[in-house]
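> A predicted structure for the sequence below; I have some questions about it.
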Amino acid sequence: MDTFQDIFSTPLPQRTPQPGDVLVVEPFLREVHFRRAVVLLIDHNEQDGSVGLVLNKRSNVKLNEVLRNATCRRDIPLHIGGPVEHGRLLYLHTLGNRLRDAVALENGLYIGGDFNDVLQYIDSDEYDERCIKFFAGYSGWTAGQLAREIAERTWAVAPLPDTLQAMLAHDSDYWRDTVAQLGDEYRSWLLCPSEPNLN
């Protein structure tokens, strides 16, 4: 008898992942950090491993609750970037060189930069939630691990469809929207129940 995974599988050739791409998880993965997740790859090297940020897992914690030796007058949400180093704060943004030492990715996105510049920006009148997003922790894969998971159809690999949507993403609706943009071959993923009952 076919399982749900068999019915909704997509045996398609995959794009070779590169920084700036997204990884869209298959609908049956139950791991809490990656359930209905879309991960932005920020670094990828088969010899050294891969690093990414889950774009659509907003926590109930605010940035000002985790800052040490700094204050923030705004209620800025903190997202869960993945299961690795939850105590590490990362930030994705579209501010370019306004944050000194920021590293360019693709699609007008940057990672990191001088934290004093960040504090000045978020406390300024120019602050815009669409321009910077904060994460606790990140997602990581050892050398060859991501390639194996892609071969096992755990992830679909695609170019980032829209930068603004990525910056505003916070729940499983973003997963559905991203799957819809993967093409007709992935339409079965959208039909898959979020809580399948096998009885």
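Ah, there it is.

> just name the shakiest helix or strand of the chain by mean pLDDT.
helix 4-7 (a mean of 48; mean pLDDT, DSSP states H and E).

> what's the average pLDDT for stretch 153-165?
Mean pLDDT, stretch 153-165: 94.

> please apply the same query to stretch 57-69.
On average, stretch 57-69 scores 90.

> end-to-end on that stretch?
Using CA to CA, to the nearest Å, one end of stretch 57-69 lies 26 Å from the other.

> so which bits of that stretch are buried?
57, 59, 63 (16 or more other CB atoms under 10 Å). No exception for glycine: its C-beta is placed from N, CA and C like everyone else's.

> would you mind pulling the contact partners of that stretch?
33, 37, 71-81, 89, 122, 134, 136, 170-171 (CB atoms under 8 Å, 6 or more residues apart in numbering).

> let's see that with 10 Å instead.
32-39, 70-82, 86-87, 89, 91, 115, 118-119, 122, 133-136, 169-172, 174 (CB atoms under 10 Å, 6 or more residues apart in numbering).

> which of the residues you listed fall within strands?
Of the positions in these, 38-39, 77-80, 86-87, 89, 91, 133-136 sit in strands, assigned by DSSP state E.

> now the residues you listed: which count as buried?
Among the ones in strands among the contacts of stretch 57-69, the ones that count as buried (16+ other CB under 10 Å) are 38, 39, 78, 79, 80, 89, 91, 133, 134, 135, 136.

> helix, strand, or coil at the nearest residue to residue 45 once chain neighbours are set aside?
If the residues on either side of it in the chain are set aside, residue 45 comes closest to residue 143, at 8.0 Å by CB to CB, 6 or more residues apart in numbering. The three-state assignment at residue 143 reads coil, by DSSP: H, G, I helix; E, B strand; the rest coil.

> residues contacting residue 143?
Going by CB under 10 Å, 6+ apart, residue 143 touches 45, 46, 47, 48, 49, 50.

> report the separation between residue 35 and residue 98.
34 Å (CB to CB, to the nearest Å).
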